[in-house]
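Participant: Give the three-dimensional model of this entry:
(2 chains, ligands or ions: 2)
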Amino acid sequence: MRPFTYERAADALSAVKAVAENPGAKFLAGGTNLLDLMKLDIERPTHLVDVGRLPFAGVEEVNGGLRVGGAMVNSKLAAHPRVRELYPVLVRALVSGASGQLRNKATTAGNLLQRTRCAYFYDTTKPCNKRQPGSGCSALEGVHGSHDAIFGASKACIASHPSDMAVALTVLGASVETLTPSGASRTLAVQDLHRLPGDTPQVETDLAPGELITAVLLPPPPEGGQVYRKVRGRASYAHGIASVAVAGGRVALGAVAHKPWRAAHIEDALAAGASAVEAAEAELSKADRSDRNALKIALVGRLAAAAIEESKTRRTA
Amino acid sequence: MSSVKDWAAPNPITENRGGLIGKGVDRYEGRLKVTGSAPYAYEVDAPSRPAIGYMATAAIAKGRIARIDTKAAEASPGVLLVWSHLNAPAQAPRGTRANPRSQRPSNPVLASDRIENFGQTVAFVVADTFENARAAANLVEIEYAAEPGVVDFVASLDQADQPPGEEDVHIGDFPAAYAAAPVSVDETYESPIQNHVQMEPCATTAWWDGDKVTVHTSIQMVKGGQHALAETLAIPSADVHLLTRYIGGGFGGKGQAYDDLILAALGARALGRPVKLAYTRQQMFHGTIHRPAVSMRVRLGAQPDGRLTAFAVEATTHCARNAIFTEHAANFSRNLYAAPNRLTGHRLVKMDLPGAGPMRAPGEAPGMLSLECAMDELAEKLGLDPIELRIRNEPEVDPETGKPFSVRQLVRCMREGAAHFGWERRKAQPRQVRDGRWLVGMGMAAAIRGNFLLPAKAGVRIDADGIITLRQGMTDIGTGTYTILAQIAAETMGVPMEQVKVEMGDSDFPPAPGSGGQFGAATAGSAAYDAGMNLRKALTELAVGDPNSPLYGGPAEYVTFENGNIAIENRSETLAALVARAAPEGVYVEGSISPAADARDYSQHTYGAHFAEVGVDVVTGEVRMRKMFGVFAAGRILNAKTAKSQITGGMIWGVGTALTESNVVDPRYGSFINQDMAGYLVPAHADIVDLDAVFLDEADDKANPMGIKGVGELGICGAGAAVANAIYNATGVRLRDYPMTPEKVLAGMLAVGL
Ligand SMILES: Cc1cc2nc3c(=O)[nH]c(=O)nc-3n(C[C@H](O)[C@H](O)[C@H](O)COP(=O)(O)OP(=O)(O)OC[C@H]3O[C@@H](n4cnc5c(N)ncnc54)[C@H](O)[C@@H]3O)c2cc1C
Ligand code: SF4
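Facilitator: Ligands and ions are numbered 1, 2, ... in the order given. Down below sits the predicted model:
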């Protein structure tokens, strides 16, 4: 960890200004990701602006949907009665992430912006384009990683986004509400928030420097059953090898790309009357196939098909 | 030398009049631990505010430090000292012993520019705070001249050699018998590198007082640590006071001294103030030992009735080039099943990886993963139940040496386990049981682990208040040693537990070998028992010789110790009254144990049987435990609670071994891919659903005076194989490559069209 300064933001706008004006500054929320990365000398902010105590940590009813504060912690969100009623897929995704202790600290915004779990990203003795742009990607020829992307990866980076919550938000068509350094706010669909790696895997989102996520907007739940399934080595407290969220006819996949992956081909195929297996095949046939990930592609296809079938047995929330 | 016959007579432990032996007594130090007030090595109060150390570690597997620049680190805030190989204090050359009786040789740090493994300590920073020390360590600039190393085990199997000083064991004519066997199995099983991932990383707090150094450190062996430090610093071991009172897990990984011990002591000497130093979680993976990967070929030849005629278990494993260690993964098989024609042996590849070394049940833990699956495979070929196959090969005497068993209740473990578990529900054909999305299967495996007794001493004193204090240079690595020693002392002296204090983990105390090889309880406990018996003698003499004692002049052989009293029939007084009056300064005696010469005339082991039921997700290949049960025979049980938590803890390790735990070397860098506990997966609570174990009634009078044996390692032996066999029974997919991750299970399911 490098020396840094710390301030607790008085309000959202001054937080935004403080970060926008200082290239070394970062927001700090629960700290469960950022502080770990600082201790490992992966993140090196010179200034932290703590937004964890700003007063946007509640849930409001908006137009038949919900507006969730960016600083709300994951465990509270998962326990919220209206969230449980309307968005079971989100609840399942939240509680399948991390551990109870971490979920008590992790915030909505921080969860969306958590960084990859690629093992080479974490080992500072190894080349990694995401950590050190231009140094190379150790994962490309590295030890098989179960978290490798199978969609939208580049030669520069094959890491996947590890958030469970983000997969559910994507399938629900949620968007983030932000405050920009100009003082204006804007909304951005969660599925457009993160970028594919391209040549700049170190740039992970479309947020401007200093842009603060103040809320997540959840539209009314779609018709149809909701399911979240996550595949992992142990029964809890492990990042997913793959996950799938289904809500009605919509499907999103997790741990398969640099961003939560809205499975448009599956959705189109389902809308055209395809079976779950055929629909999954429509998406997976477009995956970046390699020796490394053939098995993962098979796994994701089976998982997606099974979750779609399961969703048919669930009632609309 | 003593004889096992000396141990046959009844004694206070075997008579157990106070009922303390076997009782599920709560942890002696439990309250301290759950309230966070047991000071671990990094947390002890030093005489003045300690400075904090931090190690910088090598980024290559093999080569040389071509250039090292510590200027920026030295100029960093709060920094008190920065050492590299260029300016580190002189230490004795590696592996040397100035005192030939030292249990461990010199183990210098920062001794040269050579890099022998990834993660080797290359610089040491001490600063006023942890954060400043770590920040400065990150500023040390190093250029390496890397050299190619041997880091890929599977690709280096052709370099495997006979371990030094060992030969294969041939009995009968294995090749001929195998060729002639009508039914056979020939399979190779792979188990990966595993890390101990103790909760508490290695850590030391050190300070000096003149020429004498005091170190609080986290180590399983008190004398080994004391001697290693003394040899490295080239000082007399009497000048090293080593304390290790609470240890947050060892599992064999803390059987030796690491750089924290040496550097904290050197740093404290250089700075003239206390220094503390801990490994980070990440540093533990490369900076301490690991269980090596093992590749095991098993060949079994059997008659149609299941009798084994040919039996070969051959293990290939690896160790660090300069730290020879053999994972004796085939040894257990020498004592398990009868077969007239046998071949067992080991091969070793020397590699440029961090040191391989003991980890909970070294040998058996990886070894049994092979044979206990091969037996399952053979049973299926023969159309026999796996338990029946094992019973048909149950030996009368040790199958290799022909020696009698001290006690052997393996068959009873399997039979009682089967009845309790509901083994009859198992379908012999795989892939017959479905529960929703789960394919359900059952598996079993036998367990065997050697039992050992080493020489040990103990001291016990009684003070005028009647409090009995046991002192021993023993360790409690979380297993319950404090508790069982208190029980032994209390039962021997006929006093309630509250009247006993246990002090250990101190190099000034009478030495015991420490915790390891599941010899701790038997070894330290037998010495404690002996010390107690000597104290009884001393107090008896005191009482019958004291005119003021009601026992005065009585026959010593009729003296009893019960309920805190010393008595001859109805003449009695409390121990406190006796000591306060007749020896107000207290009475101190010592005791000891050494292995009986004729103990080696017996084949002596602990045994068990594991039963596992798993569900395999038919879509994803995820394996989840549904139930696990074990029956064990391990001599007299000292404490029902701590013994059970040792055994079930071992079984849980078996679950991790079967399903998740592994580290993989990236051959390009010679480093492990997993360097934290988010990547190295041990079972979490949710993985362990319905898991239980029982012990059979047993006393092994060839083991030691108390008839007890070890339980710390038995639980893991075979446990993973039971899970693997259950996966096969559930899916019809036979995996021979541990751990059985969702990817591997899925690949297997795809291959059989599931
Ligand atoms: C051992 C472990 C296991 C885990 N397992 C899982 C898992 O299985 N599934 C899963 O989904 N997650 C998992 N996580 C990740 C966990 O969910 C994240 O660490 C957590 O959600 C991050 O939230 P936080 O509030 O602590 O973020 P912080 O660490 O405070 O911040 C993360 C990032 O978000 C930025 N940020 C924070 N708030 C805002 C804001 N309002 N606007 C803009 N930027 C902001 C910060 O600058 C930082 O870059 C795991 C974490 C750990 C440590
Ligand atoms: S996959 Fe991405 S995060 Fe991983 S090493 Fe390559 S560049 Fe770094």
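
Participant: Roughly how far does the residue nearest to residue B:127 when sequence neighbours are not counted sit from ligand 1?
Facilitator: Closest residue to residue B:127 apart from its sequence neighbours, by CB to CB, 6 or more residues apart in numbering or on different chains: residue B:133 at 3.8 Å. Where C-beta positions appear, they are placed from N, C-alpha and C, glycine not excepted. Residue B:133 is 23 Å from ligand 1, where distance means CB to the nearest ligand atom, to the nearest Å.

Participant: Residue B:305 contacts residue B:391, correct?
Facilitator: No: if you go by CB atoms under 8 Å, residue B:305 and residue B:391 don't touch, sitting 11.8 Å apart.

Participant: Neighbour count for these two, which is higher?
Facilitator: Each of residue B:305 and residue B:391 has its neighbours counted (other CB atoms under 10 Å in any protein chain shown); residue B:391 has more, 15 against 10.

Participant: Checking that one next. Helix, strand or coil?
Facilitator: Under the three-state scheme (DSSP: H, G, I helix; E, B strand; the rest coil), residue B:391 adopts helix.

Participant: Who are the contact partners of the residue nearest to residue B:127?
Facilitator: Counting by CB atoms under 8 Å, 6 or more residues apart in numbering or on different chains, residue B:133 touches B:52-54, B:78-79, B:125-127.

Participant: Name the SS class of it, please.
Facilitator: Three-state assignment for residue B:133 (three-state DSSP): helix.

Participant: Could you check the pLDDT of it?
Facilitator: For residue B:133, the model assigns a pLDDT of 97.

Participant: Residue A:145 now?
Facilitator: Note on residue A:145: pLDDT of 78.

Participant: Would you check that residue B:558 makes contact with residue B:572?
Facilitator: No: between residue B:558 and residue B:572 there is no contact, the gap being 11.7 Å when judged by CB under 8 Å.

Participant: Between these two, tell me which one has more neighbours.
Facilitator: Between residue B:558 and residue B:572, counted using other CB under 10 Å, residue B:572 has the larger neighbour count: 21 against 13.

Participant: Now name the helix or strand holding residue 89.
Facilitator: All of this refers to chain A. helix A:88-95 (DSSP states H and E).

Participant: counting contacts, what elements does that helix pack onto?
Facilitator: helix A:74-79, helix A:81-86, helix A:165-171, strand A:226-231, strand A:242-247 (3 or more CB pairs under 8 Å, 6 or more residues apart in numbering or on different chains; DSSP states H and E).

Participant: Give me the contact list for the helix or strand following that helix.
Facilitator: Note on helix A:88-95: by DSSP H and E, the next helix or strand toward the C-terminus is helix A:100-103. For helix A:100-103, contacts defined as CB under 8 Å, 6+ apart pick out A:30, A:32, A:73-75, A:78, A:94-95, A:97.

Participant: Show me where the stretch 101-250 of chain A has its strands.
Facilitator: If you assign secondary structure with DSSP state E, counting those that start in this stretch, the strands in the stretch 101-250 of chain A sit at A:175-179, A:185-189, A:212-218, A:226-231, A:242-247, A:250-254.

Participant: of all the ones you listed, which lies closest to chain B?
Facilitator: strand A:226-231 (4.6 Å; CB to the nearest CB).

Participant: now that we have the contacts of residue B:133, which one has the most neighbours?
Facilitator: residue B:125 (32 neighbours).

Participant: who's in contact with the host helix or strand of it?
Facilitator: Element membership for residue B:125, per DSSP H and E: strand B:121-127. Strand B:121-127 is contacted by residues B:51-58, B:65, B:68, B:70, B:73, B:76-85, B:88, B:109-110, B:115, B:133, B:136-137, B:140, B:142, B:259, B:263, B:267, B:271, B:275, B:287 when judged by CB under 8 Å, 6+ apart.

Participant: I'd like the average pLDDT over it.
Facilitator: On average, strand B:121-127 scores 98.

Participant: That strand pairs with which strands, and in what direction?
Facilitator: Using DSSP bridges, the strands paired with strand B:121-127 are strand B:51-57 (antiparallel), strand B:79-83 (antiparallel).

Participant: Give me the neighbour count for the residue of chain B found nearest ligand 1.
Facilitator: Using CB to the nearest ligand atom, the point where chain B gets nearest to ligand 1 is residue B:678, with a distance of 4.1 Å. Neighbour count for residue B:678, taken as other CB under 10 Å: 17.

Participant: Kindly report the same for residue B:154.
Facilitator: A count of neighbours around residue B:154, defined by other CB under 10 Å, yields 12.

Participant: Then residue B:102?
Facilitator: Neighbour tally, residue B:102, other CB under 10 Å: 18.

Participant: Tell me if I'm right that it and residue B:237 touch.
Facilitator: Yes: between residue B:102 and residue B:237 there is a contact under CB under 8 Å: 6.9 Å.

Participant: got any residues that touch both of the two?
Facilitator: B:227, B:230.

Participant: that older thread, buried ones among the contacts of strand B:121-127?
Facilitator: For the contacts of strand B:121-127, a neighbour count by 16 or more other CB atoms under 10 Å in any protein chain shown gives the buried set as B:51-58, B:65, B:68, B:70, B:73, B:76, B:78-85, B:88, B:109-110, B:115, B:133, B:136-137, B:140, B:142, B:259, B:263, B:267, B:271, B:275, B:287.
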